[in-house]
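**Q** Mind folding the following:
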Amino acid sequence: MKKFKVAVIAGDGIGPEVINEGIKVLKEIANLSKEFTIDFNYFPWGCEYYLKNGKMMDDNGIDQLKNYDAIYLGAVGYPGVPDHISLWDLLLRIRKEFDQYVNIRPITLMQGTQNVLSEAKREDIDMLFIRENSEGEYAGAGDWLFKGQPEEVVLQTGVFSRKGTERIIRYAFETSRKLGKSLTSISKGNALNYSMVFWDQIFEEVSKEYPDVKTYSYLVDAASMFMIKQPQRFEVVVTSNLFGDILTDLGAALAGGLGLAAGANINPERTYPSMFEPIHGSAPDIAGKGVANPLAAIWSASQMMEFFGYKELAQNILKAIESLLIEGKVLTPDMGGKASTSEVGDQIIKMLAQIIEQSRTQV
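**A** Model (predicted):
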């Protein structure tokens, strides 16, 4: 029997609450499958840790994490700790140190979810965003000159290497080929005359190796409009760090809100652990009230299962989420319900058991 080791960084705000429900689901699916076990090890890192220790994680935190199969992250950020510290000293540090250069964010309108686009059908909103996750606009390169003086100047430099740009675009082409779907590149080559022209050039070069994959290329402003007016244009999407960050939040709104927004930070070579997280943030205003929506955390648990090689089990988790949405009886307040965070997790587990049992009887 396989044994997976998962490092849990529950983090701040609602992070511990939603991650707890995801862990319940992962434990249940391991129990139901009888194919593997998962050991969870908890790390107390985050903003509370920073306020006590002056750092977001242990000095040797990366060394502590590197032998795990995956990292399960709740949320990072809390009042009193500047966002650039909480983000750069934990989340982005892990992404960079472990070369998690692929960020995967599914944008799928499930049955039972309120559709903010009245004319869009369920099948119209089914996108897979592949975002470059290690460099670009979030490379951290730049300078702050003459601080506080009249001639003060700040430089924020986007870094686009051939290696980094080519590998994310190639990963996207491989994914599109595997899924039998089109691939859309989103850039801004008309205004960013170095970085995005370079991106477009490499996309064109790599596309010649994949003549079977239908391709499109849009400027980011046009893509934003098309996501609203014609979401069916997008199947698999590849884009830079900044554009991917912004557009996937727009996509989350189209697919039911941030409470359903999951993300995976992948090191495809598996040299280092990959990290899975809901992307809704720490929501400190509702922390501790037991009303946070755990579905994004549970969806990211599904992504972890698929990464481990259990695609059918991953799909079963998504089926349970969709069944919960269709039934509409056990939902948190952000989705129009009155259920608690733990009640949603418990209902997902019940539905998951039913789905797996039905699949076994059908076989």
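
**Q** Now do the same contact list for R170.
**A** By CB atoms under 8 Å, 6 or more residues apart in numbering, the contact list for R170 reads V206. Using the backbone N, CA and C atoms, a C-beta is placed for each residue, glycine as well.

**Q** Assign it to helix, strand or coil.
**A** Using DSSP: H, G, I helix; E, B strand; the rest coil, the structure places R170 in helix.

**Q** Then the one 3 residues further on?
**A** With three-state DSSP as the basis, F173 sits in helix.

**Q** For the residue nearest the centre of the chain, what are phi and psi?
**A** Geometric centre of the chain, nearest residue: G263, 1.1 Å, by CA atoms, centre = their mean. The phi/psi pair for G263 (degrees, to the nearest 10) reads phi -150, psi 150.

**Q** contacting residues for it?
**A** By CB under 8 Å, 6+ apart, the contact set of G263 is N103, I104, R105, T248, F276, E277, P278, I279, S300, Q303.

**Q** how about the residues you listed in TSV, adding pLDDT, neighbour count and secondary structure?
**A** Formatted as TSV, the contacts of G263 follow (pLDDT from 0 to 100; neighbours: other CB atoms under 10 Å; DSSP: H, G, I helix; E, B strand; the rest coil):
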residue	pLDDT	neighbour count	secondary structure
N103	98	24	strand
I104	98	22	strand
R105	97	24	strand
T248	95	24	helix
F276	98	27	strand
E277	97	27	strand
P278	96	29	strand
I279	92	18	coil
S300	98	27	helix
Q303	98	24	helix
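
**Q** Which pair of those spans the longest distance?
**A** Taking CB to CB, the two most distant members of the contacts of G263 are T248 and F276; they sit 15.0 Å apart.

**Q** What ranges does the stretch 251-363 of the chain have for its strands?
**A** All strands of the stretch 251-363 of the chain, identified by DSSP state E, counting those that start in this stretch, fall at 262-266, 274-278.

**Q** Helices of the stretch 201-350 of the chain, residue ranges please.
**A** 220-229, 241-254, 295-307, 311-327, 341-362 (DSSP state H, counting those that start in this stretch).

**Q** out of those helices, deepest packed?
**A** Ranked by mean neighbour count under mean count of other CB atoms under 10 Å, the helices of the stretch 201-350 of the chain are led by helix 295-307, which reaches a mean of 26.

**Q** tell me what that one is packed against?
**A** Packing partners of helix 295-307 (3 or more CB pairs under 8 Å, 6 or more residues apart in numbering; DSSP states H and E): helix 15-33, strand 70-75, strand 102-108, strand 262-266, strand 274-278, helix 311-327, helix 341-362.
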